[in-house]
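> Build me a structure from this.
(2 chains)
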Amino acid sequence: MTVLAQGVEGNNPVLNISIFGAFVVVTLVVVFRASRNTKSAADYYAGGRAFTGPQNGVAIAGDYLSAASFLGIAGAIAVNGYDGFLYSIGFLVAWLVALLLVAELLRNTGKFTMGDVLAFRLRQRPVRAAAATSTLIVSFFYLLAQMAGAGGLVALLLGISDTGMQALVIAAVGVIMIVYVLVGGMKGTTWVQIIKAALLIVGGVVMTVWVLAKFGFNPSALLQGAVDKAGALGEQLLAPGKQYGKTETSKLDFLSLGIALVLGTAGLPHVLMRFYTVPTAKEARRSVVWAIGLIGLFYLLTLVLGYGAGALVGPDVIAGAPGGVNSAAPLLAQALGGPVLLGIIAAIAFATILAVVAGLTITASASFAHDVYANVLRKGRTTPEKEVRVARITAVVIGAVAIGGGILANGQNVAFLVALAFAVAASANLPTILYSLFWKRFNTSGALWSIYGGLVSAIVLIIFSPAVSGGPKPMIEGVDFHWFPLENPGLVSIPLGFLLGWLGTVLSKEKDDAKHAEMEVRALTGVGAEKATSH
Amino acid sequence: MSEHPPEERDWTEVQSSAEFVELRRRLRVFVFPVSAAFLLWYLGYVLLADYAHGFMATKLVGNINVGLVLGLLQFVSTFAITGLYVRYANRKLDPLAARLRDSIEGEGK
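Residues are numbered from 1 along each chain as shown, chains lettered A, B, ... in the order given. Got it, this is the predicted structure:
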């Protein structure tokens, strides 16, 4: 019983594992069925481009609603009130950038990766190498945050407090994920994300209605419940500022985070890659519409769930539970429906990590195989079969690195890694994509300046930020080498990324009007866009 | 892949054709101002949440305060812009893009 210490009182680890096991079995069957048609590179990377807009929209929601946004936001609202809600607004509004400026044009001009779009009219090898570097770094940060989060979740939901046992569970999660990706490719991964999104949203709706019913379907009464439960300073939960309003620096930090959230989404490589899984630009548009609907709905649910957890469980209990704020949603499930509902929500949380990690792995492996191996190293002299083989090997390597990193980072404060991934995506990827799609003069030098400039500035600023050393909860204890005051680099690195992209462009004479004409006509009309493969 | 090798086509000619110029104008005249508008509205909201705590805490009905209403309005505006764009794209962009696509891909058949 020392190893299997009870994580949450009344928790039933056997039940949790059984429900999660059922999810794994069902999804594995689906993945194996999907794998029968996975033959070509387009099948492996893009699911044969045969998903419909609504299917892809649900999968995007499954990919995007990571453990951080499901468990993290509900917990942040329960403990910090309104400030937690601010995250979800940034995460949602961000999708308008993808809808209006990126999704359709990207679908029309690329094949598998972000590098495809940049390579269309810029010099292939340097921009592909840069795009792949940024893709691998963003995906790795995101992956590490998810895997490290898995450790905390194991502690909470399976009642495992021994770090060796936790490492074993993290490894098992990683191995299942590798099987999904190797066997099912993008098609299998997409189905895992669709199933998970459906479960998550159904679970969220059930809990929301349940919470509201307890307060007579009166939102004001729900808020009052959360205020009363929180004690003397409960009123603070209703207005902004509880978490970020303390000092002028923390206010700037919030502004920086808010900008990174809204501009980062449309530069996240695993989000971009999802637009290639549909047959046309119009279906890409429909996917974003579905994604916005589902993600918006889900964040409205988390608002109720967060305040509900505050009212029915209480912020002190949540903050003191193993897993901290991440335990708010599971604890609420338990307060509402006992061990069975807790088991279901726990299984959904695990499924979330699996689905998101699988999406990240396939994105990173595609970028390495397609951009680095096939086009930079082999200069296009390779076959799709070889390329996919490289992608599969890369997926195994990335999976192994994720397992190792997850075990090492277990218990560390890695929450800033997700914010960092968004900041890098917004500083390095978004300027390049937008310039490439909308600015005629843009050239290779501009792309390299903005990708490497955005990437390096974001990473350097985070290394010398209070999140890594000298802050209240630093990654490295005992030393203090920070000189940048903010935990989130976006406020500086995003404008810098845009500025460097402009500067690099005007300092270079390179110009290819014919290629720009071809790209623009194709982007807007869909002429010659990659078609769905038929089986 | 497309049936016609794209290298053989003069894309600058298509790009400067009246129909294509109109398609680009219609796309940009919608997405640029709307993007600027929603980004400013979001930035304004973040700044209010960041620096105007008293205003955001003003209660309107029961415990529902200005901050909550403005936050929910961000959801409303996001859904509304999505709906408006889809309607605009279906009516103004898709038919023109399809016509251009057909005329380009139809060449040489």
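
> Report pLDDT for the nearest residue to residue A:368 once chain neighbours are set aside.
Excluding its sequence neighbours, the residue lying closest to residue A:368 (Cβ to Cβ, 6 or more residues apart in numbering or on different chains) is residue A:394, at 4.7 Å. The way it works is simple: take the backbone N, C-alpha and C, and place the C-beta from them, glycine included. On pLDDT, residue A:394 comes in at 94.

> Spit out the contact partners of residue A:394.
Residues in contact with residue A:394 (Cβ atoms under 8 Å, 6 or more residues apart in numbering or on different chains) are A:364-365, A:368-369.

> Also residue A:135?
Neighbours of residue A:135 in contact, by Cβ under 8 Å, 6+ apart: A:113-115, A:269, A:363-364, A:367, A:371, A:429.

> tell me what the lowest-mean-pLDDT helix or strand in chain A is packed against?
The weakest-scoring helix or strand in chain A, judged by mean pLDDT, DSSP states H and E, is helix A:67 (a mean of 76). Under the contact criterion of 3 or more Cβ pairs under 8 Å, 6 or more residues apart in numbering or on different chains; DSSP states H and E, helix A:67 touches helix A:124-157, helix A:328-366.

> Out of the ones you listed, which is the most enclosed?
Among the helices and strands packed on helix A:67, judged by mean count of other Cβ atoms under 10 Å in any protein chain shown, the one packed with the most neighbours on average is helix A:328-366 (a mean of 26).

> Name the nearest residue to the residue in the stretch 251-400 of chain A that chain B sits nearest to, sequence neighbours excluded.
Distances between the stretch 251-400 of chain A and chain B by Cβ to the nearest Cβ are smallest at residue A:258, namely 4.2 Å. Leaving aside its chain neighbours, residue A:258 sits nearest to residue B:46 (4.2 Å; criterion: Cβ to Cβ, 6+ apart).

> rewinding a little: and the next element down the chain from the least confident helix or strand of chain A?
Sequence-wise, the next helix or strand downstream of helix A:67 (DSSP states H and E) is helix A:73-80.

> so where do the helices sit in chain B?
Per DSSP state H, chain B carries helices over the ranges B:11-15, B:18-51, B:53-56, B:66-88, B:94-106.

> Mean neighbour count added to those helices, as TSV?
Formatted as TSV, these follow (neighbours: other Cβ atoms under 10 Å in any protein chain shown):
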stretch	mean neighbour count
helix B:11-15	18
helix B:18-51	16
helix B:53-56	16
helix B:66-88	17
helix B:94-106	16
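
> Serialize those to TSV and add fields for mean pLDDT.
As requested, the helices of chain B are exported to TSV (pLDDT from 0 to 100):
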stretch	mean pLDDT
helix B:11-15	91
helix B:18-51	96
helix B:53-56	91
helix B:66-88	97
helix B:94-106	91
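
> residue contacts, the residue nearest the centre of chain B?
The C-alpha lying nearest the average C-alpha coordinate of chain B belongs to residue B:31 (Cα atoms, centre = their mean; 3.7 Å). For residue B:31, the contact set (Cβ under 8 Å, 6+ apart) comprises A:100-101, B:85.

> Swap in 6 Å and give it another go.
By Cβ atoms under 6 Å, 6 or more residues apart in numbering or on different chains, the contact list for residue B:31 reads residue A:100.

> same check, this time on the one 4 residues further on
Remark: with contacts taken as Cβ under 6 Å, 6+ apart, residue B:35 is in contact with residue A:100.

> ok, it to residue B:27 distance?
Residue B:35 sits 12 Å away from residue B:27, taking Cβ to Cβ, to the nearest Å as the criterion.

> Same question for residue A:474.
Residue A:474 is 47 Å from residue B:27, by Cβ to Cβ.

> Using CSV, list the CA coordinates for stretch A:200-211.
Presented in CSV, the C-alpha positions along stretch A:200-211 are these (Å, rounded to 0.1, in the frame of the first residue of the first chain):
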residue,chain,number,x,y,z
LEU,A,200,-14.4,14.6,-23.9
ILE,A,201,-17.3,16.8,-25.1
VAL,A,202,-20.0,14.3,-24.0
GLY,A,203,-18.4,14.0,-20.6
GLY,A,204,-18.1,17.8,-20.3
VAL,A,205,-21.7,18.3,-21.3
VAL,A,206,-23.0,15.7,-18.8
MET,A,207,-20.9,17.3,-15.9
THR,A,208,-21.9,20.8,-16.9
VAL,A,209,-25.7,20.0,-16.9
TRP,A,210,-25.2,18.2,-13.6
VAL,A,211,-23.4,21.2,-12.0
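
> buried residues in it?
Using 16 or more other Cβ atoms under 10 Å in any protein chain shown as the test for burial, stretch A:200-211 gives A:200-201, A:203-204, A:206-208, A:210-211.

> just stretch A:50-66 next, same as before
By 16+ other Cβ under 10 Å, the buried positions in stretch A:50-66 come out as A:50-51, A:53-66.

> Output the set of residues of the stretch 101-250 of chain A in proximity to chain B.
By Cβ under 6 Å from any Cβ of the partner chain, the residues of the stretch 101-250 of chain A that approach chain B are A:220, A:223-224, A:238-241, A:245.

> Residues of chain B that sit close to chain A?
B:2, B:6, B:11-12, B:14-15, B:23, B:31, B:35, B:38, B:42, B:46, B:49-50, B:53, B:56-57, B:62-65, B:67, B:71, B:74-75, B:78, B:81-82, B:86, B:97, B:100-101, B:104.

> picking that back up, how about the helices and strands packed on helix A:67 in a markdown table, adding mean pLDDT?
Output for those, formatted as a markdown table (pLDDT from 0 to 100):
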| stretch | mean pLDDT |
| --- | --- |
| helix A:124-157 | 86 |
| helix A:328-366 | 89 |
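
> Quick check: closest non-adjacent residue to residue B:84.
For residue B:84, the closest residue by Cβ to Cβ, 6+ apart turns out to be residue B:34, at 7.8 Å.

> The one you found and residue A:337, how far apart?
43 Å.

> for residue B:87, same thing?
In this view, residue B:87 and residue A:337 are 41 Å apart by Cβ to Cβ.

> same check, this time on residue A:71
Taking Cβ to Cβ, one finds residue A:71 at 17 Å from residue A:337.

> Residue B:75 now?
In terms of Cβ to Cβ, residue B:75 sits 27 Å off from residue A:337.

> Rounded mean pLDDT for stretch A:528-535, please.
According to the model, stretch A:528-535 has a mean pLDDT of 78.

> What about contact with chain B: does it have any residue there?
Yes - using Cβ under 6 Å from any Cβ, stretch A:528-535 reaches chain B at residue A:528.

> Residue A:487 falls within a strand, correct?
No - going by DSSP: H, G, I helix; E, B strand; the rest coil, the assignment for residue A:487 is coil, not a strand.

> which phi and psi does it have?
Listed backbone geometry of residue A:487 is phi -80, psi -30, with angles given as degrees, to the nearest 10.

> Alpha carbons of stretch B:62-81, as CSV, please.
C-alpha atoms of stretch B:62-81 as CSV (Å, rounded to 0.1, in the frame of the first residue of the first chain):
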residue,chain,number,x,y,z
GLY,B,62,-26.6,39.1,-9.5
ASN,B,63,-23.0,37.9,-9.7
ILE,B,64,-22.7,38.5,-13.4
ASN,B,65,-20.2,41.3,-13.9
VAL,B,66,-18.9,43.3,-16.8
GLY,B,67,-15.8,41.1,-17.1
LEU,B,68,-17.9,38.0,-17.5
VAL,B,69,-20.2,39.6,-20.1
LEU,B,70,-17.2,41.0,-22.1
GLY,B,71,-15.6,37.6,-22.0
LEU,B,72,-18.7,35.9,-23.2
LEU,B,73,-19.0,38.5,-25.9
GLN,B,74,-15.6,37.4,-27.2
PHE,B,75,-17.1,34.0,-27.7
VAL,B,76,-20.2,35.6,-29.4
SER,B,77,-18.0,37.7,-31.8
THR,B,78,-15.8,34.7,-32.6
PHE,B,79,-18.8,32.6,-33.6
ALA,B,80,-20.4,35.5,-35.5
ILE,B,81,-17.2,36.3,-37.5
